[in-house]
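**Student:** show me how the following folds:
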Amino acid sequence: MMVSSDSQMSDPVVVPRSTLYFHAWQYVILFLLPEASFLRELKHERIDQTINYRNEWISRRGGARHISPTEQQILHDACDYLLTRAHPFKKVVCGNGIWLYTNNPEDFEDIAIIPTGEILYINQAEVTLTANAVTLKYPRHAFRTYFRERWLSNDDLSILRRYFDTRRDMFRLGPGFANLVTGRRMWLMSNYFVDHNEPNADFLINMAVPGIVRKTLPIIGRAK
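**Tutor:** Numbering: from 1, shown residues only. Next up is the predicted model:
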């Protein structure tokens with residue numbers, strides 16, 4: 001692999017939480033890498049297959065740019081890097097971001113050897129908040145509903161856009177979910193959420209797009 005000095009591990013930022021990340025991981029590292037979405041599956045043949053599909057599609061229809069041989073090799077190198085970590089970890093990929101959930105951040109101390117990559121942040125969960133609730137300093141809503149991680153079809157995305165566009169006074173959309181509803185993303189992540197005061201809102205959202213809701217938690221104020 002080529003060596004880059006752009007990404008350096010730093011001390012993690014301690015984040016108060018009610019649970020560990022995914023109830024299992026103490027640390028999360030957000031690593032930005034161009035075309036990281038091709039690493040959703042850590043399989044070399046799958047990387048090549050998906051890149052070939054994209055490049056062929058672009059050749060026929062135009063639009064997005066081709067993935068170059070250099071970029072393709074970097075993705076293979078990144079795949080090898082992730083496959084050879086010493087301890088188990090959880091990987092979540094969206095766009096150009098790779099979220100690495102781990103209890104052994106030292107496994108990623110040399111992540112800078114992946115060229116063109118950049119560490120955006122390293123957070124460490126501190127379990128000090130009330131379990132099974134969302135704790136905010138100044139809560140304005142009573143509930144927070146999280147979504148299941150999944151691909152959305154064009155029809156699903158259209159329904160979601162219409163649903164929330166006609167209910168702007170009912171929901172506060174989290175930043176990630178707002179970007180999905182207003183942009184072109186098709187991958188719904190498990191940390192996307194909406195805040196609301198309607199106790200049956202999760203049921204109504206599920207009626208719009210069945211099976212999309214993961215859980216709803218009460219929002220409480222942080223003790224002063």
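
**Student:** point out where the chain drops to low pLDDT.
**Tutor:** Scanning the chain for pLDDT under 70 picks out the ranges 1-8, 62-64, 223-224.

**Student:** quick one: the strands in it, in order.
**Tutor:** Here the chain has its strands, by DSSP state E, at 13-17, 27-32, 90-94, 97-102, 118-127, 134-136, 143-147, 150-151, 171-173, 187-188, 193-196, 213-221.

**Student:** can I get the ones you listed in CSV with distance to Ile58 and mean neighbour count?
**Tutor:** (Each C-beta comes from the backbone N, C-alpha and C, glycine too.) Below are these laid out as CSV (distance: least, CB to CB, whole Å; neighbours: other CB atoms under 10 Å):
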stretch, distance to Ile58, mean neighbour count
strand 13-17, 39, 13
strand 27-32, 23, 20
strand 90-94, 21, 18
strand 97-102, 22, 20
strand 118-127, 25, 15
strand 134-136, 42, 17
strand 143-147, 30, 22
strand 150-151, 20, 12
strand 171-173, 31, 18
strand 187-188, 20, 19
strand 193-196, 34, 23
strand 213-221, 34, 16
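
**Student:** so which of these gets nearest Arg162?
**Tutor:** Arg162 lies closest, by CB to CB, to one member of the strands of the chain: strand 171-173, at 13.3 Å.

**Student:** which residues does the residue nearest to Trp25 when sequence neighbours are not counted contact?
**Tutor:** If the residues on either side of it in the chain are set aside, Trp25 comes closest to Tyr101, at 3.7 Å by CB to CB, 6 or more residues apart in numbering. Residues counted as contacts of Tyr101 (CB atoms under 8 Å, 6 or more residues apart in numbering) are Tyr21, Phe22, Ala24, Trp25, Tyr27, Val28, Phe89, Lys90, Lys91, Val92.

**Student:** who is Tyr101 paired with across the strands?
**Tutor:** Note on Tyr101: beta-bridge partners by DSSP bridges are Val28, Lys90.

**Student:** distance of it relative to Leu188?
**Tutor:** 18 Å (CB to CB, to the nearest Å).
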